[in-house]
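# test case, fold it:
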Amino acid sequence: MVVDHQGDVIVAGTSAQTGGYDAAVVKWSAAGTLKWKRMISAPGLDLVTALGVDGSNNVYAGGDRGESGGVGTAVLRSWTPAGRQRWTATAVDPLGGMPAWRYISIKGKSVYVAGQSMGSPSTFMAMKYTTAGKRVWSAPKMQAYPHGAWVSGLAVDGAGSPVVVGWAYQAGTSGENQAAVWKLTAKGVTSWHSEFTNAAWPHDGEFDAVGVDSKNRIYAAGGQYVTSGTGNLLIVRYSPTGVEQAMWRSDGQQSGYCAFSDLLVLSDTQVVAAGMVAGNGSNAAVYRAGTTAP
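The predicted structure follows:
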């Protein structure tokens with residue numbers, strides 16, 4: 001769901017159909033009046049899993065189109081505020097996987113999308129378009145790990161450099177999953193990537209949300225197992241060049257897995273994260289952290 005600059009609400013979802021799924025994008029006014037509904041229907045599976053709006057209230061929807069033979073296409077569509085389709089842009093994995101856009105971030109006249117391509121192995125994937133639907137990069141950018149990876153967040157810094165977070169499967173020295181950050185330049189060249197590791201937390205971890213401040217520092221939030229059955233909430237701050245500057249974690253170890261799923265950078269001195277704490281009955285968790293120098 002996204003809310004545009006007029007307070008209108010846009011929601012995406014799916015509708016089960018014979019032989020697959022159709023995607024739906026629906027817009028309501030701030031008062032709850034239905035403005036328009038658009039169905040996306042093609043043979044197989046059509047999904048919309050990311051939404052965005054630009055400064056002119058144009059709507060953007062990202063997802064994928066599943067096709068026969070295990071082949072898929074990542075799809076980005078745009079509509080005017082009145083619901084007229086402006087353009088459709090597609091992208092394929094050059095390695096032959098099944099790509100899908102899961103996150104959208106719009107900065108000025110640029111539209112950034114990120115997701116993963118399910119293949120052997122699955123990979124991080126990102127692309128940059130103009131708001132007019134033109135590719136800025138000639139092809140999707142990929143970040144591969146030997147055992148695969150999953151994307152779970154996208155942010156763009158003040159220099160137009162996208163930052164993608166998620167986790168890399170079996171990337172740790174003991175075969176554990178590792179929380180991962182991947183940063184590109186505005187031109188689509190990999191600047192750096194980092195996989196979180198800490199001797200006190202030798203088990204599976206993941207990043208599920210990301211944000212940047214005005215100094216282009218990166219905040220990645222998620223969770224990490226401390227033992228095979230207990231974990232902590234986690235926020236890590238990186239410098240623009242990928243240096244780990246600070247780490248916050250929840251007090252004590254909780255039974256089961258704990259993870260932040262959303263992150264909001266309030267300012268250069270305050271961040272807020274929300275998620276869940278597992279245990280004997282899960283609980284919602286909100287954590288506010290004051291940032292530290294430099």
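# so where's the stretch 51-200 of the chain shaky on pLDDT?
Applying pLDDT under 70 to the stretch 51-200 of the chain flags the ranges 66-71.
# break this structure down into its domains, please.
The chain breaks down into these structural domains: 1-144, 168-179+193-294 (assignment by automatic domain parsing).
# now those in a markdown table, with distance to Asp157?
(C-beta placed from N, C-alpha, C; glycine too.) A markdown table is the format used below for the domains of the chain (distance: least, CB to CB, whole Å):
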| stretch | distance to Asp157 |
| --- | --- |
| domain 1-144 | 9 |
| domain 168-179+193-294 | 4 |
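# can you put the ones you listed in a markdown table and add distance to Thr185 and mean neighbour count?
As requested, these are exported to a markdown table (distance: least, CB to CB, whole Å; neighbours: other CB atoms under 10 Å):
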| stretch | distance to Thr185 | mean neighbour count |
| --- | --- | --- |
| domain 1-144 | 10 | 18 |
| domain 168-179+193-294 | 11 | 18 |
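# quickly list what Lys128 is bridged to.
Counting by DSSP bridges, Lys128 forms beta bridges with Tyr112.
# please apply the same query to Leu34.
Leu34 has these beta-bridge partners by DSSP bridges: Trp28.
# show me the contacts for Trp182.
Counting by CB atoms under 8 Å, 6 or more residues apart in numbering, Trp182 touches 124, 126, 143, 163-165, 190, 193.
# 6 Å instead?
Contacts of Trp182 were listed using CB atoms under 6 Å, 6 or more residues apart in numbering, and they are 124, 143, 164, 193.
# measure stretch 87-98 end to end?
Counting by CA to CA, to the nearest Å, you get 22 Å between the two ends of stretch 87-98.
# with stretch 109-123 instead?
27 Å.
# just stretch 55-73 next, same as before
Per CA to CA, the first residue of stretch 55-73 is 27 Å away from its last.
# same question for stretch 158-174.
So stretch 158-174: terminal residues 37 Å apart, CA to CA.
# then stretch 254-264 to PDB, C-alphas only?
Extracted C-alpha coordinates of stretch 254-264, given in PDB (Å, rounded to 0.1, in the frame of the first residue of the first chain):
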ATOM      1  CA  GLN A 254      14.600 -14.200  23.400                       C
ATOM      2  CA  SER A 255      13.400 -17.700  22.900                       C
ATOM      3  CA  GLY A 256      12.900 -18.200  19.100                       C
ATOM      4  CA  TYR A 257      13.800 -15.800  16.300                       C
ATOM      5  CA  CYS A 258      13.400 -12.000  16.600                       C
ATOM      6  CA  ALA A 259      13.500  -9.500  13.800                       C
ATOM      7  CA  PHE A 260      12.800  -6.000  12.800                       C
ATOM      8  CA  SER A 261      10.700  -5.800   9.600                       C
ATOM      9  CA  ASP A 262      10.500  -2.000   9.200                       C
ATOM     10  CA  LEU A 263      12.900   0.900   9.800                       C
ATOM     11  CA  LEU A 264      12.300   4.700   9.700                       C
END
